[in-house]
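In: show me how the following folds:
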Amino acid sequence: MHRSPINAVICFCFFVCLIIASVLTAQAADPSQPDTHTQAIDPLVQILITKGILTQAEAGALSQEPPAQQHVQLLQILREKGVLSASDYAALMDSSSKASVVNAAPASSQVSTALVASTTPIVPSAVPSQASSQVPASRPESFKPAEPKIVAAIAPIRVLPVDPPVKDGLKAAFTLGPIKMTPYGFLKATGVYDTSNPNGDDMPFPGLFLSSTSITNTGPTTNPEFHLKARSARIGSNFEFADISPRLTITGRIEGDFEGNFSEADNRDVSSLRSSMFSFRQAWGRLDYAASEKTDIYFEGGQDWTLFGSTALPNLLETTALGYWYGDIYERSPQFQFGLVQKLGGSRNFKLAPTFAIMMPSTGQIEKLGSLGLQGQIAQAEREGADSGRPELEARLAFQFQADKAPGVAPAQIFWSGFDARRTSIVTSSAYAATSATASCLANPTVCAAYQNAFPNGFSASSSLYGNQLGLQLPTRWFTLVATGYFGGDLRFFFGGQVNSFYTDAGGLSNPITFQSVSGGPLVAAGAPTLGTNSSGQVVVAPEKPIRAFGGFVNVGLPISRWFNANPKGRNAGWQVFLHAGKDQVVHNELTNPNGGGVANTLSPLPLLMGKLNAATLYYKLNPFVTFAIEQSIYATRLEPGAYYTVAGKPSNEWQDHRTEFGPIFTF
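Out: Residues are numbered from 1 along each chain as shown. All right, here's what the predicted structure looks like:
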């Protein structure tokens, strides 16, 4: 496919800017300057490290705390490890409080900053993505720039952490009565060049949302586009609520961004493109009960990331879509979540975390894009799930351990997640009436009357939704590997299955007639409630079946600065590269099934078979708050063999978009 030279110009200018910024600011932190911190390591901490009670990373994290907090954090760590009992912890905390009154802190609070010479605290990935919560739910990072002696390894994005929150562990930016609050977020501005994006969107999905034949044809060119976008900006806040029980920890989060639709009003007719609306992403509260020194039981209520799909997410600069329909499945949904975190101990700090959730029973909108608008989004995506009369059930089992014991390396995780749900289409008796009946019913009044006699009160038709996912997150000092694989049916709500949802199987039935459901669903054989006559002469409801799909992704992060032993206080400490490959594919038999009405995906006039994504991303962190990034990616959508798009005037079975995105990210 033809590529414009603008890609090369953009890449060249971007790298020149990075080099100039690095050179101009090199004197701000000269790697040749020796470290002036020469304080001795606190003997107590050194003994705990020698005995294997404290890790180098934990000691380094202690050294980053303010002196008044070091003793408290040390006691909390010892309690979590089972070294201190609950009564010992309470007594020592009380003793610490009394000592602070007379300005006589115990020796254990005098943790020397010299410990940073041997370790680096574990921190989140340097670059915020849509998947990243920016500040971990359990223990938000301090916004004070750290002074480690080694560049940290790449930590995988974990929006559903295994580790429970620590009581009084939130470093409050401010308080609202007894409630601690710490805001976080990022401001991101990126320039985007797409070689083929005829939908006009600032996110990529070439050949996916095909609401009309005009979008299956790019015209005389591939229809390249250039965008500047700032609507990925995000803001949120973590909370911790006070409670008198030392065993009960109450936390929460609220988060939103500006990825919503543009407002529509008279004063916005011309300027609507700069007026995208704020919408919330997460809003939940969580109660953790420390049943023992090694067991944490929790409940969470609100809107959070789904257990299925969201446990492992890729690090990509493009976060509006985040690889959906191209191997990355995820969602956020209202839920009640119940979980257990069991510390198994051992030299690698093994932990087991089974989790169960009752979710909003949501399904994917199946009507053609834009034909029903909000009615289609709400009535179909929510009503057909809610009409099943049962919640969506999700579960996850995560196993966490320290695979690489090097300083600054996060724990590894192996996990399974799955879900089970149903959707139901309801047809009322009024659908038989002449004023609202389908054309097929009006054309066959005798057959339609017989169907009405068989189901005088209307009828319903259902299909199942299900999925299983396996994943691995493996951080090491040399690289961080994140890999997932999934298989399921009707995965559209989770951005899988190439926009397909379900189909109606009228095979073996005579005189099939489709009817309008109360959700306003489609009136095509591929997805409409249908009655027919079987071989025994009985009037029956045609079964509805989920369209099956499979896929996954591999995302590898390379800590370039750590490879070359860059000075962690210098301007060259923040170089990272990510390589990504993902695929989402429909089971071929689902598209070729003659009983599925010929077209399984009612959104598209063409049978979508596969979506592929390959991407390379380079991050340069100027300081803890400013990061520059550039991403080169190829999005490709492939049709069933024998079907074709028209790209640049020629038939093509695959539609590709070569996408370049670059810009700064400001975090807080």
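
In: where are the low-confidence patches of the stretch 501-650 of the chain?
Out: Scanning the stretch 501-650 of the chain for pLDDT under 70 picks out 521-526, 596-605.

In: do a quick rundown of the helices in it.
Out: Using DSSP state H, counting those that start in this stretch, the helices found in the stretch 501-650 of the chain span residues 560-563, 588-592.

In: okay, now residue 363: neighbour count?
Out: By other C-beta atoms under 10 Å, 28 other residues sit near residue 363. Bear in mind the C-beta positions are built from the backbone N, C-alpha and C, glycine included.

In: how is the chain carved up into domains?
Out: By the assignment in automatic domain parsing, the chain contains the domains 6-30+120-667, 31-119.

In: can you say which of those domains is packed in most?
Out: Counting by mean count of other C-beta atoms under 10 Å, domain 6-30+120-667 has the highest mean neighbour count of those, with a mean of 19.

In: so how far is it off the chain centroid?
Out: 5 Å (C-alpha atoms, centre = their mean, to the nearest Å).

In: check contacts around the residue nearest to residue 325 when sequence neighbours are not counted.
Out: Nearest residue to residue 325, sequence neighbours excluded (C-beta to C-beta, 6 or more residues apart in numbering): residue 611, at 4.8 Å. Residue 611 sits next to 208, 325, 326, 327, 498, 583, 584, 585, 635, 636, 637, 638 when contact means C-beta atoms under 8 Å, 6 or more residues apart in numbering.

In: ok, residue 611 to residue 288 distance?
Out: In this view, residue 611 and residue 288 are 39 Å apart by C-beta to C-beta, to the nearest Å.

In: alpha carbons only: can I get stretch 268-288 in PDB?
Out: Only the C-alpha atoms of stretch 268-288 are listed here, as PDB (Å, rounded to 0.1, in the frame of the first residue of the first chain):
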ATOM      1  CA  ARG A 268     -21.100  24.400  19.300                       C
ATOM      2  CA  ASP A 269     -22.100  24.000  15.600                       C
ATOM      3  CA  VAL A 270     -18.700  25.100  14.300                       C
ATOM      4  CA  SER A 271     -16.500  24.500  17.300                       C
ATOM      5  CA  SER A 272     -17.800  21.100  18.500                       C
ATOM      6  CA  LEU A 273     -14.500  19.400  17.700                       C
ATOM      7  CA  ARG A 274     -12.800  21.100  20.600                       C
ATOM      8  CA  SER A 275     -15.700  20.400  23.000                       C
ATOM      9  CA  SER A 276     -15.600  16.600  23.800                       C
ATOM     10  CA  MET A 277     -17.600  15.800  26.900                       C
ATOM     11  CA  PHE A 278     -16.300  14.500  30.200                       C
ATOM     12  CA  SER A 279     -17.500  11.000  31.200                       C
ATOM     13  CA  PHE A 280     -16.600   8.800  34.100                       C
ATOM     14  CA  ARG A 281     -14.600   5.600  33.700                       C
ATOM     15  CA  GLN A 282     -14.400   4.200  37.300                       C
ATOM     16  CA  ALA A 283     -16.400   4.900  40.400                       C
ATOM     17  CA  TRP A 284     -16.100   2.300  43.200                       C
ATOM     18  CA  GLY A 285     -15.600   1.700  46.900                       C
ATOM     19  CA  ARG A 286     -13.800  -1.300  48.500                       C
ATOM     20  CA  LEU A 287     -13.700  -2.800  52.000                       C
ATOM     21  CA  ASP A 288     -10.700  -5.000  52.900                       C
END
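
In: which of the domains of the chain comes out lowest on mean pLDDT?
Out: Across these, domain 31-119 has the smallest mean pLDDT, namely a mean of 57.

In: would you list every one of the helices in the chain?
Out: Ranges of helices in the chain, per DSSP state H, are 6-24, 43-50, 56-64, 67-80, 86-101, 307-310, 374-378, 384-386, 439-443, 445-454, 560-563, 588-592.

In: what does the shortest one contact?
Out: Outside of helix 384-386, the residues within contact range by C-beta under 8 Å, 6+ apart are 360-363, 392, 421-425, 517, 519, 521.

In: let's see 10 Å
Out: For helix 384-386, the surrounding residues in contact (C-beta atoms under 10 Å, 6 or more residues apart in numbering) are 359-366, 391-392, 421-426, 462-463, 465, 493, 501-502, 517-519, 521.

In: could you check how far the spatially closest residue to residue 247 that is not a sequence neighbour is from residue 504?
Out: Ranked by C-beta to C-beta, 6+ apart and with sequence neighbours excluded, the top spatial neighbour of residue 247 is residue 290, at 4.5 Å. The spacing between residue 290 and residue 504, counted by C-beta to C-beta, is 51 Å.

In: again, but for residue 387
Out: Residue 387 sits 16 Å away from residue 504, going by C-beta to C-beta.

In: excluding chain neighbours, give the residue nearest to residue 264 in space.
Out: Closest to residue 264 by C-beta to C-beta, 6+ apart is residue 272, at 6.8 Å.

In: over to residue 595?
Out: Per C-beta to C-beta, 6+ apart, closest to residue 595 is residue 507, 3.1 Å.

In: correct me if wrong: residue 62 contacts residue 78.
Out: No: contact between residue 62 and residue 78 fails when scored by C-beta atoms under 10 Å: they sit 11.2 Å apart.

In: distance check, the residue lying closest to residue 156 once chain neighbours are set aside against residue 495.
Out: Using C-beta to C-beta, 6+ apart and skipping the chain neighbours, the partner closest in space to residue 156 is residue 473 (4.3 Å). Residue 473 sits at a distance of 20 Å from residue 495 (criterion: C-beta to C-beta).

In: now swap in residue 61 and tell me
Out: Distance, residue 61 to residue 495, using C-beta to C-beta: 36 Å.

In: so what's the closest residue to residue 572 other than its chain neighbours up against?
Out: Of all residues not flanking residue 572 in the chain, residue 566 sits nearest, at 4.6 Å (C-beta to C-beta, 6+ apart). Neighbour list for residue 566: 31, 150, 151, 559, 560, 572, 573, 574, 575 [criterion: C-beta under 10 Å, 6+ apart].

In: how much space between residue 566 and residue 649?
Out: Distance of residue 566 to residue 649, computed by C-beta to C-beta: 50 Å.

In: again with residue 271
Out: Per C-beta to C-beta, residue 271 is found 35 Å from residue 649.

In: just residue 60 next, same as before
Out: In this structure, residue 60 and residue 649 are 61 Å apart, going by C-beta to C-beta.

In: one more: residue 190?
Out: Applying C-beta to C-beta to residue 190 and residue 649 gives a distance of 31 Å.

In: check residue 467 too.
Out: In this view, residue 467 and residue 649 are 40 Å apart by C-beta to C-beta.

In: and for residue 347?
Out: According to C-beta to C-beta, residue 347 and residue 649 sit 64 Å apart.

In: do the same with residue 501
Out: Distance from residue 501 to residue 649, counting by C-beta to C-beta: 32 Å.

In: next, format the contacts of residue 566 as CSV and append distance to residue 215.
Out: Shown next, in CSV, are these (distance: C-beta to C-beta, whole Å):
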residue, distance to residue 215
31, 53
150, 51
151, 46
559, 41
560, 40
572, 45
573, 45
574, 40
575, 40
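
In: which one of the residues you listed sits closest to residue 352?
Out: Nearest to residue 352 among the contacts of residue 566, counting by C-beta to C-beta, is residue 559 at 28.4 Å.

In: in space, what's closest to that closest one - neighbours in sequence excluded?
Out: residue 154 (5.2 Å).
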